[in-house]
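Visitor: After the sequence you'll find the predicted model.
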Amino acid sequence: MVVDLESFNKKWLGSNNEGAVNAIAYLPELLSVKMKGDKISIDAKEGSIIKLWQGIPSYEKNPLLITDRSSSFHLFEKLEEHRASM
């Protein structure tokens, strides 16, 4: 992999851009997610819980908790069941 990153430009000293940095990360593929229509299949290589939020994740919302490493379900049905149980 060839990467070219610019160094920090001193013109940004004292500005709100001073904390902006470039980063390169190699992240392992821990989830395999496939979707056909509204049916979603999730396979996890590691971990014990997958949290699924409707819309944007937030601490004010309760996520759907998936505890199986391999799970397949109709997304909209499961989210409606989850919403009704809250």
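Guide: Yep, it's here.

Visitor: Scan the helices and strands of this structure for the one with the lowest mean pLDDT.
Guide: Across the helices and strands of the chain, mean pLDDT, DSSP states H and E gives its lowest value to helix 75-85, namely a mean of 77.

Visitor: buried stuff in that helix?
Guide: For helix 75-85, burial by neighbour count (16 or more other C-beta atoms under 10 Å) applies to 78-79. C-beta: built from backbone N, CA, C; applies to glycine.

Visitor: contacting residues around that helix?
Guide: Helix 75-85 is contacted by residues 35, 38-40, 52, 54, 62, 64 when judged by C-beta atoms under 8 Å, 6 or more residues apart in numbering.

Visitor: Can I have the buried ones of those residues as a ChimeraX selection?
Guide: Buried members of the contacts of helix 75-85, defined by 16+ other C-beta under 10 Å, are picked up in ChimeraX with:
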select :40,52,54,64
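
Visitor: Now tabulate the contacts of helix 75-85 in JSON lines and tack on secondary structure.
Guide: JSON lines is the format used below for those (DSSP: H, G, I helix; E, B strand; the rest coil):
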{"residue": "M35", "secondary structure": "strand"}
{"residue": "D38", "secondary structure": "coil"}
{"residue": "K39", "secondary structure": "strand"}
{"residue": "I40", "secondary structure": "strand"}
{"residue": "L52", "secondary structure": "strand"}
{"residue": "Q54", "secondary structure": "coil"}
{"residue": "N62", "secondary structure": "coil"}
{"residue": "L64", "secondary structure": "strand"}
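
Visitor: Now find how far off-centre the least confident helix or strand of the chain is within its chain.
Guide: From the chain centre to the centre of helix 75-85 is a distance of 19 Å (C-alpha atoms, centre = their mean, to the nearest Å).

Visitor: Output it as CSV, nothing but the C-alphas.
Guide: Output of helix 75-85 as CSV, limited to C-alpha atoms (Å, rounded to 0.1, in the frame of the first residue of the first chain):
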residue,chain,number,x,y,z
LEU,A,75,-35.2,-5.9,9.3
PHE,A,76,-38.4,-3.8,9.3
GLU,A,77,-40.3,-6.5,11.3
LYS,A,78,-37.6,-6.8,13.9
LEU,A,79,-37.3,-3.1,14.4
GLU,A,80,-41.1,-2.7,14.7
GLU,A,81,-41.1,-5.5,17.3
HIS,A,82,-38.2,-3.9,19.1
ARG,A,83,-40.0,-0.4,19.1
ALA,A,84,-43.2,-1.9,20.4
SER,A,85,-41.5,-3.7,23.3
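
Visitor: Right, I'll leave it there.
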